[in-house]
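Engineer: no sequence for this one, just the structure:
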Ligand SMILES: CC1=C(/C=C/C(C)=C/C=C/C(C)=C/C=C/C=C(C)/C=C/C=C(C)/C=C/C2=C(C)CCCC2(C)C)C(C)(C)CCC1
Ligand SMILES: [Fe+2]
């Protein structure tokens, strides 16, 4: 049986006026733009994994008290090739396609090591990135696709690897105060080395080079060598503070030899990713000014993480919050064969997402005794000096059962209080959204029966003085047949409903998105 996850969704490219109930703040003007998989069956072929589905963009436009919905499939080369062939012809992470008439996939699988044919999928289904006045749909390959945030039209394809030597890049970049993008990517066996690169995409180009794109000015800020040439870690995001980049090298690793032979062995790329529970998780801190890595070795036990929440510095420590797991059951849970009609009972995580705070003393007393805890902040997180000079860190648990975290981005890299996230227990069903105060551990919730809310996005009100002054937006898919989905608008402070905008369409479950204030859209049309 087709479930909410696997049913193909129709696109609605023309704006549909939503039915608004309640009172939306008059200042809330702009577009909420989100991305996620919308099509999992093409002709007689089916993707194996939910994260493989073709990218479906959707948006809610707030204009003078009214709300308009639209959705449109990203017209990636992957989409076009698949639709034309009426079957899946381009491989995704969880689905290997045979053969690929768009490109000889044999050549692909073998030559990515030498960067000659990096033609991987451009089905950018995970997130939306802002670059200057432009917006891009992103995934984790070297390709991103420019989109029009108002019409959802697909524009040009950008290949990161033309500008910096990366094979993979995260879909969770950071932005500095000038709007420049900071992102990380992995460079696999390039000139005999495998490394993690931090790269910068400037938000604008010098006046005399106006015709050139920002990507031509992309630069590598620094690199962190991978502990292993043929087994780099997988990572989905990273953290930044005012002075440091926080990168976690987890024992959830890609096996390059297995990847290179996956096609001939008839397996998907995901099977080349493995969790090594006997290994350690290494923390890396790179000074943003000197571009040098802090030389002390900091580590914790084996874990799997996808999302960093936030990070900041306090009294010589770096504090960072993440959502971590004890194993890699999250990826496995989203195989479509497991998302069948009984999935709520039969498809369980074996490790619950846990919000953990690590407190790492970058400036500590070098004469401290072996075995002593070097953390000087009031927290139960510890960092213990070992005989060999390395430091073993253990976290403070902030809460359990939240994922898809977001913060007020004005507080990114700074000491902060609030995380907004979806609540999940052991199954792939988001039952509620939550606002967690990381300082007091108090939680506010919003939930309604049969409602599956998406990643909540915080939008500050104009001139906001407090961290939680604004609204929280979440798309709510209703699991009961014949009930329409809606966009929910909550007061961020109280977590009480301000209003909802209902649209009578079948909405897809999505992953991530952005809110674009009206002013930024106007800049664009100028
Ligand atoms: C280029 C290249 C390649 C390829 C790659 C690819 C193709 C990738 C893709 C990737 C991807 C594509 C990824 C994705 C990811 C995602 C994620 C990581 C997500 C997460 C999520 C979550 C966390 C969830 C949540 C939720 C929901 C959504 C609902 C329900 C509830 C919950 C909350 C659970 C290879 C390696 C071969 C080699 C080298 C080069
Ligand atoms: Fe993500």
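Structural biologist: Okay, I see it. Please read all numbers here as calculations on a predicted model, not as lab measurements. Ligands and ions are numbered 1, 2, ... in the order given.
Engineer: ok, and the closest non-adjacent residue to residue 253?
Structural biologist: residue 231 (4.5 Å; C-beta to C-beta, 6 or more residues apart in numbering). Where C-beta positions appear, they are placed from N, C-alpha and C, glycine not excepted.
Engineer: and the pLDDT at the one you found?
Structural biologist: On pLDDT, residue 231 comes in at 97.
Engineer: measure it to residue 325 for me?
Structural biologist: According to C-beta to C-beta, to the nearest Å, residue 231 and residue 325 sit 19 Å apart.
Engineer: what parts of the stretch 1-150 of the chain come near ligand 1?
Structural biologist: Proximity of the stretch 1-150 of the chain to ligand 1, by C-beta under 6 Å from any ligand atom, involves residues 51, 92, 93, 112, 120, 121, 126, 139, 140, 141, 142.
Engineer: ignore what I typed, I meant the chain.
Structural biologist: For the chain, the residues found near ligand 1 under the criterion C-beta under 6 Å from any ligand atom are 51, 92-93, 112, 120-121, 126, 139-142, 167-168, 188, 236, 254, 259, 269, 306, 330, 403-404, 422, 424, 428, 430, 509, 511.
Engineer: give the ChimeraX command for selecting the buried subset of these.
Structural biologist: The ChimeraX command for the buried members of those (criterion: 16 or more other C-beta atoms under 10 Å) is given here:
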select :51,92,93,112,120,121,126,139,140,141,142,167,168,188,236,254,259,269,306,330,403,404,422,424,428,430,509,511
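Engineer: which members of the residues of the chain next to ligand 1 occur in helices, if any?
Structural biologist: Among those, the ones falling in helices (DSSP state H) are 259, 330.
Engineer: please enumerate the strands of the stretch 151-300 of the chain.
Structural biologist: 154-159, 168-169, 174-175, 181-190, 193-201, 219-225, 239-240, 244-249, 252-254, 273-275, 281-287, 298-300 (DSSP state E, counting those that start in this stretch).
Engineer: listing partners with orientation, what would you give for the longest one?
Structural biologist: Read it as strand 181-190. Counting by DSSP bridges, the strands paired with strand 181-190 are strand 168-169 (antiparallel), strand 174-175 (antiparallel), strand 193-201 (antiparallel).
Engineer: next one: that strand to chain centre, how far?
Structural biologist: Distance of strand 181-190 from the chain centroid (C-alpha atoms, centre = their mean, to the nearest Å) equals 16 Å.
Engineer: the inter-axis angle of that strand versus strand 244-249?
Structural biologist: Counting by axes from the mean of the first three to the mean of the last three C-alpha atoms, to 10 degrees, strand 181-190 lies at 40 degrees to strand 244-249.
Engineer: for strand 181-190, buried residues please.
Structural biologist: In strand 181-190, counting by 16+ other C-beta under 10 Å, buried: 181, 182, 183, 184, 185, 186, 187, 188, 189, 190.
Engineer: what's the answer for stretch 396-415, then?
Structural biologist: 396, 398-399, 401-408, 411-413.
Engineer: pLDDT at residue 523, what is it?
Structural biologist: Residue 523 is assigned 59 on the pLDDT scale.
Engineer: likewise residue 213?
Structural biologist: For residue 213, the pLDDT comes out at 86.
Engineer: quick one: contacts for the nearest residue to it once chain neighbours are set aside?
Structural biologist: Nearest non-adjacent residue to residue 213, counting by C-beta to C-beta, 6+ apart: residue 205, 7.3 Å away. Contact analysis of residue 205 by C-beta atoms under 8 Å, 6 or more residues apart in numbering lists 212, 213, 214, 216, 217.
Engineer: most neighbours, which of these?
Structural biologist: residue 214 (19 neighbours; other C-beta atoms under 10 Å).
Engineer: low-confidence ranges, the stretch 401-526 of the chain, go.
Structural biologist: Along the stretch 401-526 of the chain, the parts satisfying pLDDT under 70 run over 523-526.
Engineer: stretch 338-358: end-to-end distance?
Structural biologist: 33 Å (C-alpha to C-alpha, to the nearest Å).
Engineer: can you give the contact residues for stretch 61-70?
Structural biologist: 12-18, 20, 24, 26, 28-32, 58-60, 150, 152, 487, 501, 503, 505, 518.
Engineer: avg pLDDT for it?
Structural biologist: Averaged across stretch 61-70, pLDDT comes to 96.
Engineer: likewise stretch 9-27?
Structural biologist: Mean per-residue pLDDT for stretch 9-27: 97.
Engineer: what's that stretch in contact with?
Structural biologist: For stretch 9-27, the external contacting residues (C-beta under 8 Å, 6+ apart) are 38-39, 56, 60-62, 65-73, 151-152, 461-462, 471, 486-487, 489, 497-508.
Engineer: separate out the buried members of those residues.
Structural biologist: Buried by 16+ other C-beta under 10 Å: 38-39, 56, 60-62, 67-73, 152, 471, 486-487, 489, 498-503, 505-508, out of the contacts of stretch 9-27.
Engineer: give the contact list for residue 147.
Structural biologist: By C-beta under 8 Å, 6+ apart, the neighbours of residue 147 are 57, 74, 128, 135, 136, 137, 153, 154, 155.
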